[in-house]
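S.K.: just coords:
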């Protein structure tokens, strides 16, 4: 069984492939040049993207988009996380958080799936907090996000450990529960 993931992010593909491989699902990764709409709503972004991608691929596809929502920054960077990371990095977020005690944050992942009969959305959320320093390697905001109940960042976790607690791992598991049982 094969599913095509539409992404230009090799780290995202690696995390999703790790989970899919446990279920015998082959993940094909394609990078399509589809403009991403600007929206405050991750679901709206993903739905638009899977509809446009499906017109090209015409087979089973998934798209994943996620955002880091920081309470003290009124949900920023949210759906703009990728852009904010590319322009300011973890250093920029830590600078914005300088002197802020409430470091509560939440990562949200939206998985969109489309085939000839189905169009579905699956959501995963992980509450946590922003660290005071960059810890571990990881990618994106992984080195500054500490999931609730843990003392280390995503960036300090193995891919398997991160997938157990991450927003993306949770969304993928919801998708798989539906996909493997429908």
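M.R.: On my side now, so go ahead. Just so we're clear, the structure is a prediction, and the values are computed from it rather than from any experiment.
S.K.: Centre-most residue in the protein?
M.R.: With distances taken as Cα atoms, centre = their mean, the residue of the chain nearest its centroid is residue 66 (3.7 Å).
S.K.: so what's that residue bridging to?
M.R.: As for beta bridges, residue 66 partners with residue 109 under DSSP bridges.
S.K.: Was I right to think it contacts residue 45?
M.R.: No - proximity of residue 66 to residue 45 does not meet the contact threshold set by Cβ atoms under 8 Å, at 10.4 Å. All C-beta atoms are positioned from the backbone trio N, CA, C, and that covers glycine.
S.K.: Common neighbours of the two, please.
M.R.: Listed as contacting both residue 66 and residue 45 by Cβ atoms under 8 Å, 6 or more residues apart in numbering are residue 110.
S.K.: Tell me who's in contact with the residue nearest to residue 1 when sequence neighbours are not counted.
M.R.: Excluding its sequence neighbours, the residue lying closest to residue 1 (Cβ to Cβ, 6 or more residues apart in numbering) is residue 25, at 5.3 Å. Going by Cβ under 8 Å, 6+ apart, residue 25 touches 1, 2, 3.
S.K.: Would you quantify the distance from the second one to residue 159?
M.R.: Relative to residue 159, residue 2 is positioned 22 Å away (Cβ to Cβ, to the nearest Å).
S.K.: just residue 29 next, same as before
M.R.: For residue 29, the distance to residue 159 (Cβ to Cβ) stands at 16 Å.
S.K.: What of residue 127?
M.R.: From residue 127 across to residue 159, the span is 21 Å (Cβ to Cβ).
S.K.: Neighbour count for these two, which is higher?
M.R.: When residue 127 and residue 159 are compared for neighbours, residue 159 comes out ahead with 17 against 14, by other Cβ atoms under 10 Å.
S.K.: Excluding sequence neighbours, find me the nearest residue to that one.
M.R.: Residue 159 sits nearest to residue 18 (Cβ to Cβ, 6+ apart), 5.5 Å away.
S.K.: avg pLDDT for the host helix or strand of the one you found?
M.R.: Element membership of residue 18 [criterion: DSSP states H and E] is helix 10-21. Per-residue pLDDT over helix 10-21 has a mean of 94.
S.K.: Check stretch 165-173 too.
M.R.: The average pLDDT within stretch 165-173 is 97.
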